[in-house]
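A.B. asks: can't give you the sequence, but here's the structure:
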């Protein structure tokens with residue numbers, strides 16, 4: 001059985017007849033090496049097939065090549081896409097990803113994050129919603145000297161770089177869509193209203209309905225927790241009203257799928273008798289039947305942009321902050337919405 005053994009920088013130095021420091025200078029494009037010596041070292045590197053360790057080079061510059069992610073989202077349809085986007089950029093640039101789960105609102109949230117940052121020696125952090133909404137996080141990480149990018153539905157002061165998804169504008173588009181289909185009895189299942197995302201989605205939707213002269217009665221507003229069970233219960237309560245809605249906007253795709261299930265349980269046809277719409281355009285939107293009309297939040301692209309901005313700050317410490325990156329969302333029309341039946 002054969003085994004692969006990598007060539008070391010020491011072997012390159014010995015073969016080229018120079019010191020390890022000289023080889024290192026060539027690898028780092030230092031001008032302090034004569035042209036003839038530089039070419040000899042490069043030829044030796046090519047002949048031996050030497051590949052410098054990106055991790056070793058990072059350590060030489062005082063970096064760990066580790067990027068941390070702080071998350072508190074049980075929705076695998078969202079968190080999985082975000083992580084894949086971050087990993088794609090990290091892999092291309094020689095970084096590894098370290099994930100730290102946290103709990104929004106927990107009294108030990110900040111000590112936990114600070115301990116993680118110190119213990120793991122990460123070069124930088126990406127903070128995902130809803131954790132990114134905690135106002136204490138950016139200031140604490142700034143004091144630790146950790147470059148950080150926050151992803152959120154609103155601008156949270158203190159992040160040196162942030163991606164802000166324009167969720168209020170997006171849900172207005174969805175309200176316009178349902179009204180254009182002739183719906184007048186329109187309900188919403190919100191997310192947890194202590195989250196900025198839930199407030200932004202509800203306010204955009206409510207404001208757009210008001211612009212069309214349509215109220216959003218309290219009976220047509222139910223709060224969920226972004227989970228299936230809460231969406232199923234909330235939609236069921238709406239459908240059991242004496243005057244049930246003809247359209248339901250659920251504030252994420254999982255709760256929208258739950259609303260379709262609640263309608264099925266009651267023999268209500270979607271979309272012939274009830275239109276249902278969601279938010280995220282996660283993979284579940286195409287899995288359910290009928291496929292969901294939803295708001296597309298480009299999670300993969302957002303994650304890549306966050307990772308690229310973070311690595312840019314890590315590798316160029318003169319970039320202490322970057323302008324906010326506002327992410328436009330779009331309406332995806334599928335089969336779960338149709339003209340109102342009455």
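C.D. replies: It's in. Since the structure is predicted, the reported quantities are computational estimates derived from the model, not experimental observations. Numbering: from 1, shown residues only.
A.B. asks: For the residue positioned nearest the centre of the chain, which non-adjacent residue is spatially closest?
C.D. replies: Centroid-nearest residue in the chain, with CA atoms, centre = their mean: residue 82, separated by 4.3 Å. Take residue 82 and drop its neighbours on the chain: the residue closest to it by CB to CB, 6 or more residues apart in numbering is residue 303, 4.5 Å away. All C-beta atoms are positioned from the backbone trio N, CA, C, and that covers glycine.
A.B. asks: who's in contact with the one helix or strand the one you found maps to?
C.D. replies: Per DSSP states H and E: residue 303 is located in helix 299-315. Helix 299-315 is contacted from outside by 63, 67, 78, 81-86, 88-90, 93, 95, 123-126, 147-149, 151, 160-161, 163, 165, 280, 282, 319-320, 322, 325, 327, using CB atoms under 8 Å, 6 or more residues apart in numbering.
A.B. asks: Pull out the buried positions in it.
C.D. replies: 299, 302-307, 309-314 (16 or more other CB atoms under 10 Å).
A.B. asks: can you count the residues close to residue 8?
C.D. replies: Look at residue 8: counted by other CB atoms under 10 Å, it has 13 neighbours.
A.B. asks: which residues does it contact?
C.D. replies: Listed by CB under 8 Å, 6+ apart, the contact partners of residue 8 are residue 50.
A.B. asks: at 10 Å instead, please
C.D. replies: 14, 20, 48, 50, 53 (CB atoms under 10 Å, 6 or more residues apart in numbering).
A.B. asks: Helices - which of the residues you listed land there?
C.D. replies: 14, 20, 48 (DSSP state H).
A.B. asks: my read: the first one touches residue 44, true?
C.D. replies: Going back to what we said before, that points to residue 14. Yes: at 9.4 Å, residue 14 counts as touching residue 44 under the criterion of CB atoms under 10 Å.
A.B. asks: Any chance you could list residues touching both of those two?
C.D. replies: residue 23.
A.B. asks: more neighbours, those two?
C.D. replies: The residue with more neighbours, out of residue 14 and residue 44, is residue 44; 21 against 14, by other CB under 10 Å.
A.B. asks: does that one really touch residue 18, like I thought?
C.D. replies: Yes: in this structure residue 44 lies within contact range of residue 18 using CB under 10 Å: 8.8 Å.
A.B. asks: so which of the contacts of residue 8 is the most crowded?
C.D. replies: Most surrounded of those: other CB under 10 Å gives residue 50, at 18 neighbours.
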